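> Got a predicted structure plus its sequence, pasted below:
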Amino acid sequence: MSKHGRILVAMSGGIDSSLAAVMLHEQGYEVVGMTMKTWDYASSGGSKKETGCCSLDSINDARNVAVELGFPHFILDIRDEFGDAVIDYFTGEYLEGRTPNPCVMCNTHIKWDALLRRADKLDCEFIATGHYANIREENSRFIISKGVDTWKDQSYVLWGVSQESLSRTKLPLGHLTKADIRADATRRGFMDLVNKSESYEICFVPDNDYRGFLKRRIPTLEAEVAGGRFVDETGNVLGTHEGYPFYTVGQRKGLGIALGYPAFVTEIRKETNEVVLGRDKDLERDGMVVGKLNLVKYDRLIAPLETSTKVRYKHDGTPAVVEQTAEDRIEVRFHEPVSGIAPGQAAVFYEGDDVIGGGWIMKSFRQA
C-alpha cells in the first residue's frame, strides 16, 4: 500500500515531467507513468526530423526513468482524439481569420481529459504533470497560481482546466525553478535529460511553418484565397497578398510588401479577404471582449475587478478592469493601451499570482 495513493503521471520524456515522476515516487505515491502519442510528423508532411514529446526517443527516455525507479509505464495513442479536437480547431481558427492557441486547447480538451479517463481505468486517484504552476484549495475552489519560476511559469496555459480536473491534479514542480530541476537531474545522473534540448514549436508543425501546414492540410486553400488585398485602416488598397489565413495580427515579417515604413498586420477581415496594415501604434487597443470563459478562483464575477491581464503566453500582464457582462462574456478595459491583441488567442486574468480565469479573445477595441 502506497503512502499517498496511486497517481498517473504524464511523462513526455523531457526533464520536467521525468523529475515530477521521480519526486512523486520518492514522496510515497504509487506512480504509473504514461506517455501520450498525440501526433506523428509523417502525417504533417513536413521535412524536419521527428523530435519532441511524440518521438520514439522521447518515449524511450520516459520509459527508461520508469524502469530505473521500478514503476509501470504505458504509451497512450491519442492521435485520433488529438486530430479531431486540436488539429481541426487549429485549421478552423485560421480559416475564421483568428490566431489559434493549440497548447491551451490541448491541455483543456485532450491531455487532462485523456489522462483522467485512463486514471480511472488504472485505479489512479490523481494525475500529475511537469507544469510550472501551483494548485491549492480555498473556499471550496481549486485555484491555479503562478509557479515560483517567473520565466517558466505555465499557469497561462492551464486556465481552461475544469474544477473537477484540478481537484485530482498534482503539480510537483510549481515551487521549484528550472535551475533547481536541472541541478537535481544532474545530481541523480540523468545527464541525457539535462543535455536534451527543449522544443518550443507546436508539436504538429515541426518546421514552425504554419502556412505550409495549412496548405498541406487543405490542398485547395491556397487557390481559394489567393489574390486578397492589403488595405490600410481607411480602406485604401496597398497591394495583394496570398490569402487572409496566412497572416496573423501583429505580424511584421513575411508580408511581401514594402511601404517605406515598418508595417504590421492590425486586422484580418475574412469576409472580404482583406489584411489591414498599419504602423506599430495602430496595433494598440484599449480593451477587448473575451468569451468561452472558464472561471477558476470564483464561480462568477459579481462586480468589476482589478486584474493583471495577459493576452499571450509571454506577455507580462497589464493592469485592467474586468467585468462579467454575461454568463459567457467578460469585457476588459486596460489602464494603458496594449499592442498586438489577436482574436483567437487566450486572455488570462490574474489577482496577484492567482488565476481568476480565462477565455478566448473575441474582439479588441479602441475607446471612442
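Received the coordinates, thanks.
> so who does Gly5 touch?
Tyr29, Glu30, Cys124, Glu125, Phe126 (CB atoms under 8 Å, 6 or more residues apart in numbering). (C-beta placed from N, C-alpha, C; glycine too.)
> How many residues are close by the closest residue to the third one other than its chain neighbours?
What it means is Cys124. Among residues not flanking Cys124 along the chain, Leu8 sits closest, at 4.1 Å (CB to CB, 6 or more residues apart in numbering). Leu8 has 25 neighbours, counted by other CB atoms under 10 Å.
> Can you pull the poorly scored residue ranges out of the stretch 51-200 of the chain?
Applying pLDDT under 70 to the stretch 51-200 of the chain flags residues 51-54, 199-200.
> Skipping adjacent residues, who's closest to His335 in space?
The nearest residue in space to His335 (CB to CB, 6+ apart) is Pro319, at 4.5 Å.
> Same check on Val65?
Residue nearest to Val65 in three dimensions, not counting chain neighbours: Ser18, with 4.7 Å by CB to CB, 6+ apart.
> Quick one: neighbours of that neighbour, just the number.
Counted with other CB under 10 Å, Ser18 comes out at 28.
> where along the stretch 1-150 of the chain do the helices fall?
Counting by DSSP state H, counting those that start in this stretch, the stretch 1-150 of the chain has helices at residues 15-27, 41-44, 56-69, 79-82, 88-95, 102-106, 112-121.
> Out of those, flag the one nearest Val161.
In terms of CB to CB, the element of these nearest to Val161 is helix 112-121, at 5.4 Å.
> Buried residues, the closest one. List them.
Across helix 112-121, burial judged by 16 or more other CB atoms under 10 Å covers Trp112, Asp113, Ala114, Leu115, Leu116, Arg118, Ala119.
> Can you tell me which of the residues you listed is closest to Leu293?
So of those, ranked by how close each gets to Leu293 (CB to CB), first place is Trp112, at 17.3 Å.
> so what's that closest one closest to, chain neighbours aside?
Trp112 sits nearest to Ser165 (CB to CB, 6+ apart), 4.7 Å away.
> same check, this time on Asp316
Nearest residue to Asp316, sequence neighbours excluded (CB to CB, 6+ apart): Lys310, at 7.6 Å.
> Specify the stretch among the helices of the stretch 1-150 of the chain that is closest to Thr266.
Minimum separation from Thr266 across these (CB to CB) falls at helix 88-95, 17.3 Å.
> ok, residues contacting the closest one?
Counting by CB under 8 Å, 6+ apart, 99-100, 102, 105, 202, 204, 210, 214, 217-218, 221, 245-246, 270, 344 sit against helix 88-95.
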